[in-house]
Structures are given as C-alpha cells and as structure tokens.
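Engineer: Structure for this input, please:
(chains A and B)
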Protein chains: 2
Amino acid sequence: MYLLIVYDVDVKRVNRVHKFLKSYLHWRQNSVFEGEVSKAQFNEIKTSLKDLIDETRDSVMIYKFPSKKYVSLYVLGIEKNTIDFIL
Amino acid sequence: MYLLIVYDVDVKRVNRVHKFLKSYLHWRQNSVFEGEVSKAQFNEIKTSLKDLIDETRDSVMIYKFPSKKYVSLYVLGIEKNTIDFIL
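Structural biologist: Okay, here's the model as predicted:
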C-alpha cells in the first residue's frame, strides 16, 4: 500500500514527527511524507503517531491507496525532494 | 478525477493560492486542498497555479487519482475540515 501523510503539528512536536516518519517514508515537502509500506508498518505508523502528537491540538492526515499506480503526481515550481515518481 | 493538492508557497503568495484553490476544491488543512474535478478544471488549475506562484521558489504537488474510491483517509488528532470522506 502507498501512503501520503500530511500534517499540521505544533512546533514543539514537529521535529519528532518528522524524525519518526523519515524512518518509514520519503520526505516530499514541508509536512509531507510519502512511500510504500506494508500493513504492519501502516499500523505501526498510526499507533506511534498517536503517541507523538497531541490529539487535541495537532492534525495528521494519512491518505492510503492500494498502490502507487493509482496516483499521478504533477509538480509545479521547485521539486523539494525527487522520489522516482514524476510522470 | 480526484485531486489532492499540497503546497509550500512563499507567504507573499500563499493567500492568493488559497483563495484560488478554494474556488475549485475543499480546504482540508493548512496548505492542503482536495476534491473531485473535471479534466478541463484540472487543466485550468494547473495553468492558473503556474501564474500565481513563483516557480523558482514555490512548490505545488498535485496528486491525481482516477477517483476518490482509490483513496482512504485516516485522520489522527483534530479534523480541521470534515469532508464526507472518512472511513
């Protein structure tokens, strides 16, 4: 499965969220990570993120799709981090 | 087709990008919009965004899916804007 994670997290917690996600996914742009993961990794990510954020203040959106083949990416402007993805 | 747009735009330009995207898509979270669009609207969005941003400084990622049914969304923490999507 392919994940795209976008988050809006308080500055006090954003570094640990960034550091954690970097261990599973590719950094794409500020507060945006993406990558292929297994079901087990997906569950680990959800569980760990819940511990890392303050659920009453922070917001994490996890978009999941069956695989990368369902999504096309178009980049306008600068490409902060190229992942072999662009069509 | 379903679009998810994530952007990292200079503060001088971010309001006009936000205002523009609001006319086509749902605001989801800071710098995140999503929604169903036609092919013509997709092309309008790409063309107009190119005019609105500074392509040497700003970054806009447009993730395109054949339809919403390929995307599952999991929200951790606060839901900044509910769109009838959550599973």
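Engineer: From the chain's centroid, how far away is the longest helix along chain A?
Structural biologist: Longest helix in chain A, counting residues (DSSP state H): helix A:39-52. Distance, stretch centre to chain centre, for helix A:39-52: 11 Å (CA atoms, centre = their mean, to the nearest Å).
Engineer: Quick check: next helix or strand after that helix?
Structural biologist: strand A:59-65 (DSSP states H and E).
Engineer: Provide the contact partners of that next one at residue level.
Structural biologist: A:1-9, A:17, A:42, A:45-46, A:49, A:53, A:71, B:4, B:28-29, B:32, B:63, B:65, B:70-80 (CB atoms under 8 Å, 6 or more residues apart in numbering or on different chains). All C-beta spots, glycine's among them, are computed from the backbone N, C-alpha and C.
Engineer: Restricted to strands, list those residues.
Structural biologist: A:2-8, B:4, B:28-29, B:32, B:63, B:65, B:72-77 (DSSP state E).
Engineer: are any of those buried, and which?
Structural biologist: A:2-8, B:4, B:28-29, B:32, B:63, B:65, B:73-77 (16 or more other CB atoms under 10 Å in any protein chain shown).
Engineer: Next, the angle strand B:72-77 makes with the longest helix of chain A.
Structural biologist: 20 degrees (axes from the mean of the first three to the mean of the last three CA atoms, to 10 degrees).
Engineer: Residues touching helix A:39-52, excluding its own?
Structural biologist: Outside helix A:39-52, the residues touching it (CB under 8 Å, 6+ apart) are A:1, A:3, A:5, A:13, A:16-17, A:20-21, A:24, A:37, A:60, A:62, A:64, B:74, B:76.
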